[in-house]
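**Q** starting from these lines, generate the structure:
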Amino acid sequence: MANDMKKFQEIFEGEWKWDRDENLVEAMKKMGNPEKEIEMFAGCKPTITFKLEGDYAFMNYEMVPGMGHKCTFKFNEEFDSKDELSGDNPTFHNKETATLTEDGVMVWVTKNQLTGPGKIDTYSEWFVKDGELHTPSSPLDDRSYKCNRIFKKVQK
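**A** Next comes the predicted model:
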């Protein structure tokens, strides 16, 4: 566990700003997301912040200022994540598990607890290549296609 946290810190810790997308709109359409949701998501230029908090990893995936997905987690342990801003009608409620592979890939399995268009379980492999954070994602039960959001690290 300690090695996972050290590796997480070395590879991911810091702030990452959106740079570009690959196949985002096409994949979201194939996943059944509503057109308005696709437009909103494609128009966002998110920021991701990772940091180590003791024995836990912290992630803030901020879609726009004040709106996003914050979670504190331990690798290999399922955790609950939920939209806390929308009250009784959350935009997401997931059971998630993050693992860190030996070669430094952070694997996310997200099991959606909501139903409706575009509410599917997903599989993602997040990794840093050539100084960029890649976050390819596909449906958990069909990895034949994916979308990828790519981020560049903010230098401080």
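**Q** what's in contact with the lengthiest helix in the chain?
**A** Determined from DSSP state H, the single longest helix within the chain is helix 2-12. Helix 2-12 has contacts (CB atoms under 8 Å, 6 or more residues apart in numbering) with 50, 52, 55, 57, 75, 100, 104, 106, 126, 128, 133. Quick note: C-beta positions are derived from backbone N, CA and C, even for glycine.
**Q** of those residues, which belong to strands?
**A** 50, 52, 57, 100, 106, 126, 128, 133 (DSSP state E).
**Q** returning to what we had before: any chance of the contacts of helix 2-12 in JSON lines with pLDDT, distance to residue 140 and neighbour count as columns?
**A** Output for the contacts of helix 2-12, formatted as JSON lines (pLDDT from 0 to 100; distance: CB to CB, whole Å; neighbours: other CB atoms under 10 Å):
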{"residue": "50", "pLDDT": "97", "distance to residue 140": "23", "neighbour count": "20"}
{"residue": "52", "pLDDT": "93", "distance to residue 140": "28", "neighbour count": "14"}
{"residue": "55", "pLDDT": "88", "distance to residue 140": "27", "neighbour count": "9"}
{"residue": "57", "pLDDT": "94", "distance to residue 140": "21", "neighbour count": "23"}
{"residue": "75", "pLDDT": "94", "distance to residue 140": "19", "neighbour count": "17"}
{"residue": "100", "pLDDT": "96", "distance to residue 140": "19", "neighbour count": "21"}
{"residue": "104", "pLDDT": "95", "distance to residue 140": "22", "neighbour count": "14"}
{"residue": "106", "pLDDT": "97", "distance to residue 140": "16", "neighbour count": "24"}
{"residue": "126", "pLDDT": "97", "distance to residue 140": "15", "neighbour count": "23"}
{"residue": "128", "pLDDT": "98", "distance to residue 140": "23", "neighbour count": "17"}
{"residue": "133", "pLDDT": "98", "distance to residue 140": "21", "neighbour count": "23"}
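**Q** turn these into JSON lines, including distance to residue 145.
**A** Listed next are these as JSON lines, based on distance: CB to CB, whole Å:
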{"residue": "50", "distance to residue 145": "27"}
{"residue": "52", "distance to residue 145": "33"}
{"residue": "55", "distance to residue 145": "36"}
{"residue": "57", "distance to residue 145": "28"}
{"residue": "75", "distance to residue 145": "27"}
{"residue": "100", "distance to residue 145": "25"}
{"residue": "104", "distance to residue 145": "24"}
{"residue": "106", "distance to residue 145": "21"}
{"residue": "126", "distance to residue 145": "18"}
{"residue": "128", "distance to residue 145": "23"}
{"residue": "133", "distance to residue 145": "21"}
